[in-house]
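**Q** build me a structure from this.
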Amino acid sequence: MAGTSGTAGTSGIGGTRSGTAGTADGAVPADVATVLAPLDDHRLADLVTLYKDLHRHPELGFQETRTAAEAARRLTEYGYEVTTGIARTGVVGVLRNGPGPTVLLRADMDALPVTEDSGLDYASTVPGRMHACGHDVHVTCLLGAADLLAAARDRWSGTLIALFQPAEEGGGGAAAMVDAGLYSKGLVPTPDVVLAQHVAPFGAGLIAYCPGACMAAADSLEITFHGSGGHGSRPETTVDPILMAASFVQRVQAVVAREVAPKDRVVVTVGSFHAGDTANVIPDRAVVRLSVRTFDETVRTAVLASIDRIARAEATASGADRAPETAVLDSFPVTVNDEDTLRQVNAEFTRFFGEQRLFAYEPATGSEDAGLLAAAAGAPLYYWWLGGWEPDAFRTALAAGRLAQDIPSNHSPHFAPVVRPTLTMGVEALTAAALNQLVRP
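**A** Numbers count the residues shown, from 1 in each chain. Okay, the predicted model is just below:
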């Protein structure tokens, strides 16, 4: 997940043990229960081993060779038609099982350039790299679901795609797979629906959902301000790009405060400022990097135009000979959940897990590129959150009003989802969601 998640709702988010909870009267859909029955201690132990191995060996975007090889090996063993090397490290497995819809389940694989400080006995062995966003959870859960669904072909009909995507964190992975011919070259059949989940720091054993626009569009920009350098003792002979860029950093915050309506959620964050090498020299350029988060395309266009206007105006005010140059570092669209698909799958979740396991959350200002896989196929998307934190610890922090202080968020060096029931619930959720969209006897 690029960025961090928003604030989930707080009703019932402490968490509980995963398993076939069923509905209020104890009933569980027979076909879902049958497909999930093999998820016994032996299979779970194998998945736990896989998860810990992936966590120990994190790989950055487009470098996920070890992770991709293991995904391909397992998919082949389960009986899928496997294609590797899509956009360098992407992997897909296709299981054709008679007439019916084509359902794509997606997991991202990449880690982050973060030094782990979780204290886990299976912490990262790679200096400066960590699965700080839980993509190792996603890979493990999808492989578990792919295994169960392949073993239960008599319980469903249609085509299942298991897709393992590189480089979600930089925003380029999904687009790169599409550009590499994912659909246009028939590497997989065009899906009728795309389903995905993301582990989050609330009680394990729960699922959170958000209809409609659920995650923000994100645009990361690099703006280079040009001045004319000189000796620090004679600033009057220079055009100071540091002062120019510093004025921009302050002024750009007014976009949210004064140009955006309160109902339109917008975040503008300057995260990097680089200029000069020594104390007594005024440099000839300053480089600012910033992130913009929006939920509406019209608002997005207006905010980006305002940022460009302010950058140019500060350069003019400083007497710069050259206008600033803006480069787009990465760009994520708004992630939009299809409300009909959400209702259908949530009905399955409710029947299987019980309605106490589901809760609604507000749109998150983090960003995702899973929606590109759906948009390129013209298919609906449902993307939900999977609770990953130890339930008692979460409830304690929630009751004390200390969630921000005591529960590490995604991208934190302390991020450490509890293994069980997170993996169990993740496998069950993907399996139940896929069965809901496939043809069942």
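**Q** pretty sure R395 sits against G203.
**A** Yes: taking contacts as CB atoms under 8 Å, R395 lies within contact range of G203: 6.9 Å. For every residue, glycine as well, the C-beta is placed using N, CA and C.
**Q** between the two, which is the more surrounded one?
**A** G203 (27 against 15; other CB atoms under 10 Å).
**Q** now do the phi/psi pair for that one.
**A** Main-chain torsions, G203, degrees, to the nearest 10: phi -50, psi 130.
**Q** where does the prediction get shaky in the chain?
**A** The chain contains residues with pLDDT under 70 at 2-30.
**Q** please redo it, this time with the cut-off set to 50
**A** Along the chain, the parts satisfying pLDDT under 50 run over 4-12, 16-28.
**Q** hey, where'd the helices end up in it?
**A** 30-36, 41-56, 65-78, 135-151, 173-179, 241-252, 254-259, 297-317, 339-353, 370-377, 391-400, 403-406, 419-437 (DSSP state H).
**Q** V199 is nearest to which of those?
**A** Closest of those to V199 is helix 135-151, at 4.5 Å (criterion: CB to CB).
**Q** which residues sit in contact with L372?
**A** In this structure, L372 makes contact with 174-175, 178, 333, judged by CB atoms under 8 Å, 6 or more residues apart in numbering.
**Q** determine which two of those are furthest apart.
**A** Once CB to CB is applied, these give V178 and P333 as the farthest pair, at 12.4 Å.
**Q** now the helices of the chain in a markdown table, with distance to V281?
**A** Formatted as a markdown table, these follow (distance: least, CB to CB, whole Å):
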| stretch | distance to V281 |
| --- | --- |
| helix 30-36 | 66 |
| helix 41-56 | 45 |
| helix 65-78 | 44 |
| helix 135-151 | 43 |
| helix 173-179 | 41 |
| helix 241-252 | 11 |
| helix 254-259 | 31 |
| helix 297-317 | 20 |
| helix 339-353 | 57 |
| helix 370-377 | 44 |
| helix 391-400 | 49 |
| helix 403-406 | 41 |
| helix 419-437 | 52 |
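**Q** for L195, which of those is the nearest?
**A** helix 419-437 (5.0 Å).
**Q** by contact count, what packs against the closest one?
**A** helix 30-36, helix 41-56, strand 102-108, helix 135-151, strand 193-203, helix 339-353, strand 381-389 (3 or more CB pairs under 8 Å, 6 or more residues apart in numbering; DSSP states H and E).
**Q** wouldn't I282 be in contact with I242 here?
**A** Yes: between I282 and I242 there is a contact at 7.2 Å, judged by CB under 8 Å.
**Q** between those two, which one's more packed in?
**A** Neighbours were tallied for I282 and for I242 using other CB under 10 Å; the higher tally belongs to I282 (22 against 16).
**Q** tell me what the more buried one is bridged to.
**A** G230 (DSSP bridges).
**Q** contacting residues for it?
**A** So I282 contacts 227, 229-232, 235, 238, 240-242, 276 (CB under 8 Å, 6+ apart).
**Q** turn the helices and strands packed on helix 419-437 into CSV, including distance to G128.
**A** Compiled in CSV, the helices and strands packed on helix 419-437 are given as follows (distance: least, CB to CB, whole Å):
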stretch, distance to G128
helix 30-36, 38
helix 41-56, 14
strand 102-108, 20
helix 135-151, 17
strand 193-203, 22
helix 339-353, 38
strand 381-389, 23
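**Q** so which of these gets nearest G426?
**A** Taking CB to CB, helix 135-151 is the member of those nearest to G426, at 3.3 Å.
**Q** tell me the buried residues in that closest one?
**A** 135-150 (16 or more other CB atoms under 10 Å).
**Q** between the residues you listed, which sits nearest S318?
**A** H135 (43.1 Å).
**Q** number of nearby residues for the closest residue to the closest one other than its chain neighbours?
**A** Of all residues not flanking H135 in the chain, D108 sits nearest, at 4.9 Å (CB to CB, 6 or more residues apart in numbering). When counting by other CB under 10 Å, one arrives at 27 neighbours for D108.
**Q** who's in contact with D108?
**A** Contacts of D108 by CB under 8 Å, 6+ apart are 135, 138, 164-166, 168, 173, 370.
**Q** so in terms of bridging, what pairs with V199?
**A** Listed by DSSP bridges, the beta-bridge partners for V199 are L386.
**Q** that one contacts H138, correct?
**A** Yes: V199 lies in contact with H138 (CB under 8 Å); the separation is 7.0 Å.
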